[in-house]
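K.L.:
What follows is a predicted structure for the sequence shown.
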Amino acid sequence: MSDNLAYQEERREERIRGKVVMMAPASVNHTFTSGNIYYIFAHYLRGKKCIPIADGSTVYLTDEDHFVPDMMVVCDPDKIKHDGIHGAPDLVVEVLSPSTAKNDKTHKKEVYAKCGVQEYWIVNPADKSVEVYHTNGTEFVLHDIYALYPDWELAKMTEAERAAVVTHFKCSLYDDLDIALEDIFYRTF
């Protein structure tokens, strides 16, 4: 391997149940989706107390669990240290990849809930859906699932079915932040 850092691949890893797990490079849809979500929160939170943090920062939750979520919001600035976030963020977003989906939907979700994350999103760029979970104090409870329907599917629906399709939702942390599914999946394919 070259000694030139410009030619070295960035080594990205998480610690799950005490084991180091290497993170695969993200797909274009994964990158666009997580970037879009970060942009929504960065724009909304500008000048406010809470801080949106994009993919790449480690969250230290337990001795055995150090995760790198795709996006998070931290409202306690004392949790933010030079090497990452020490303690539970208020919101965590995980964008699914085939290699991470099982952990995102099981172990990581359980640890985030037990450690005090208030809201957890599992975002699937493949079917353009967002699962939103709220904490009940010890575990996450599914609040709702939102999906961006393709035009061909909307065309098959009745007028009443199309009218019932939810295209916007709110984060439980901010009742004045309107989140459009179209913005989350902007430029994805």
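P.N.:
Sure thing, it's come through. Numbering: from 1, shown residues only.
K.L.:
From here on, just use CA atoms for contacts and neighbour counts.
P.N.:
Will do.
K.L.:
check contacts around Thr167.
P.N.:
Thr167 sits next to Tyr146, Ala147, Leu148, Ala180, Leu181, Glu182 when contact means CA atoms under 8 Å, 6 or more residues apart in numbering.
K.L.:
and stretch 126-140, which residues are buried?
P.N.:
Neighbour-count burial for stretch 126-140 flags Lys128, Ser129, Val130, Glu131, Val132, Tyr133, His134, Thr135, Glu139, Phe140 (criterion: 16 or more other CA atoms under 10 Å).
K.L.:
who touches it?
P.N.:
Taking contacts as CA under 8 Å, 6+ apart, the residues outside stretch 126-140 that touch it are 109-110, 113-114, 116-124, 141-149, 172, 185.
K.L.:
so how far is the first residue of that stretch from its last?
P.N.:
Using CA to CA, to the nearest Å, one end of stretch 126-140 lies 23 Å from the other.
K.L.:
Repeat that for stretch 78-89.
P.N.:
Distance between the two ends of stretch 78-89: 11 Å, counting by CA to CA.
K.L.:
got a list of contacts for that stretch?
P.N.:
Contacts for stretch 78-89 (CA under 8 Å, 6+ apart): 57-61, 72-75, 112, 115-118.
K.L.:
could I get those residues as CSV with secondary structure and distance to Ala155?
P.N.:
Shown next, in CSV, are these (DSSP: H, G, I helix; E, B strand; the rest coil; distance: CA to CA, whole Å):
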residue, secondary structure, distance to Ala155
Ser57, coil, 41
Thr58, coil, 43
Val59, strand, 43
Tyr60, strand, 46
Leu61, coil, 45
Met72, strand, 35
Val73, strand, 37
Val74, strand, 40
Cys75, coil, 42
Tyr112, helix, 39
Cys115, helix, 43
Gly116, coil, 42
Val117, coil, 39
Gln118, coil, 37
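K.L.:
what's the longest helix in this structure?
P.N.:
The residue-count maximum for a helix in the chain (DSSP state H) belongs to helix 28-45.
K.L.:
Quick one: buried ones out of the contacts of stretch 126-140?
P.N.:
Buried residues within these, defined by neighbour count using 16+ other CA under 10 Å: 109, 113-114, 116-124, 146-149, 185.
K.L.:
what stretches of the chain score poorly on pLDDT?
P.N.:
Low-confidence segments of the chain (pLDDT under 70): 1-11, 18.
K.L.:
and with 50 instead?
P.N.:
Within the chain, the ranges that satisfy pLDDT under 50 run 1-2, 4-9.
K.L.:
So which residue is dead centre in it?
P.N.:
Among the residues of the chain, Val93 comes closest to the average C-alpha position under CA atoms, centre = their mean, at 1.5 Å.
K.L.:
Quick check: next helix or strand after the strand or helix carrying Leu154?
P.N.:
Taking DSSP states H and E as the criterion, Leu154 maps to helix 151-156. Going down the chain from helix 151-156, the next helix or strand is helix 159-164, by DSSP H and E.
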